[in-house]
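1. Generate coordinates for the sequence data below:
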Amino acid sequence: MIIKTIPDHFYRVPWKTGGRDMHGADCWGFIRLVAKAVFNKDFPLLSEKYNSVENRAELETLMIKNSMQFKIVETPEPGDVILFRICGFNSHVGIMLNSNDFAHMWKGSGVCVERYTGPLWLNRVQGFYRPD
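-> Got it, this is the predicted structure:
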């Protein structure tokens, strides 16, 4: 399955720290929505364990603890999670749409589809993860 973009209704999801639904989502909440609707994959909730994405160290710890539900892969496929290092922490995620493009929710910008090989993201990529 090769996907160039996400369905239009996802672009209307507003940013909301800890959000997990179409009324508002953070980066993890957003990729959970896309994973379920587009790829029929269920990702762990995580929201009950942290209260702000600004606490990057806490989010990184949760992602590490939940990594047993994901396996690291060399080559991304549609539906894989891409993990980024932001401000020194592995604290931002997106979902791969194809071998180059990922969708993510970014505070202040909302929903974006971008190439992970672009200058803003390439040096921040920490890995690709596939649900086990």
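
2. Partner strands of the helix or strand containing Ser91, with direction?
-> Ser91 belongs to strand 89-96 when elements are defined using DSSP states H and E. In the sheet, strand 89-96 lines up against strand 81-86 (antiparallel), strand 101-106 (antiparallel) (DSSP bridges).

3. And the contacts of the last one?
-> Yep, that's strand 101-106 we're talking about. Applying Cβ atoms under 8 Å, 6 or more residues apart in numbering, the contact partners of strand 101-106 are 4-6, 10, 13, 15, 25-27, 29-31, 34, 82, 92-97, 111-116. Any C-beta I mention is one placed from the backbone N, CA and C, and that applies to glycine too.

4. List only buried entries from the residues you listed.
-> Buried residues within the contacts of strand 101-106, defined by neighbour count using 16 or more other Cβ atoms under 10 Å: 6, 10, 13, 15, 25-27, 29-31, 34, 82, 92-97, 111, 113, 116.

5. what mean pLDDT does the longest helix along the chain have?
-> Looking only at the chain and at elements set by DSSP state H, the helix with the highest residue count is helix 27-39. Mean pLDDT, computed over helix 27-39, is 93.

6. Check which helices and strands it is in contact with.
-> Using 3 or more Cβ pairs under 8 Å, 6 or more residues apart in numbering; DSSP states H and E, the elements in contact with helix 27-39 are strand 20-21, strand 89-96, strand 101-106.
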